[in-house]
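S.K.: Whatever this is, show me its structure:
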Amino acid sequence: VALTLFQWILKGLILTFLLETTLSLNPDDPNVCSHWESYAVTVQESYAHPFDQIYYTRCTDILNWFKCTRHRISYKTAYRRGLRTMYRRRSQCCPGYYESGDYCIPLCTEECVHGRCVSPDTCHCEPGWGGTDCSSG
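M.R.: Below you'll find the predicted structure:
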């Protein structure tokens with residue numbers, strides 16, 4: 001069953017909405033960065049397809065009963081599939097953060113032994129502990 005251009009666009013919009021609502025990060029998270037990305041969408045588009053239209057006119061050709069054959073180029077609407085480039089904003093964790101659920105969590109290359117990672121490679125130590133990884137007492 002052939003789909004109209006409207007149906008193709010509607011299906012694409014619904015799919016985009018579903019992908020972005022199920023796979024999106026929390027936009028209020030300050031550690032979420034975004035960029036524009038392009039993607040291709042297959043669409044059905046209409047175009048004017050030329051064809052040779054034959055018609056007859058009266059003329060002086062007695063052998064053809066006074067009918068002469070003539071040609072003219074006419075156009076009819078035809079459909080073809082094409083690619084259209086679309087753009088969408090893609091959210092991702094900023095450098096130094098990793099995705100966990102809907103949030104971006106800071107990544108510390110060394111484990112914070114007696115503390116927690118508060119920003120990339122930065123530990124907040126529990127009282128009485130220090131050092132870059134909170135292992136010094």
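S.K.: which residues does the residue located most distally from the centre of the chain contact?
M.R.: Distance to the chain centre peaks in the chain at residue 62, reaching 65.2 Å (criterion: CA atoms, centre = their mean). Neighbour list for residue 62: empty [criterion: CB atoms under 8 Å, 6 or more residues apart in numbering]. To be clear about C-beta, it is placed using only N, CA and C from the backbone, and glycine gets the same treatment.
S.K.: same thing with residue 84?
M.R.: By CB under 8 Å, 6+ apart, the contact set of residue 84 is 40, 41, 42, 43.
S.K.: re the thing from before, quick check: the residue farthest from the centre of the chain vs residue 68, distance?
M.R.: Counting by CB to CB, to the nearest Å, the gap from residue 62 to residue 68 is 11 Å.
S.K.: Generate a ChimeraX selection restricted to the buried subset of the contacts of residue 84.
M.R.: What follows is the ChimeraX syntax selecting those of the contacts of residue 84 that are buried according to 16 or more other CB atoms under 10 Å:
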select :41,43
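S.K.: Could I get the contacts of residue 84 in JSON lines, plus columns for pLDDT?
M.R.: Shown next, in JSON lines, are the contacts of residue 84 (pLDDT from 0 to 100):
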{"residue": "40", "pLDDT": "95"}
{"residue": "41", "pLDDT": "95"}
{"residue": "42", "pLDDT": "95"}
{"residue": "43", "pLDDT": "94"}
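S.K.: of all the contacts of residue 84, which comes closest to residue 125?
M.R.: The closest of those to residue 125 turns out to be residue 40 (CB to CB; 49.7 Å).
S.K.: Quick check: the closest one vs residue 99, distance?
M.R.: 25 Å.
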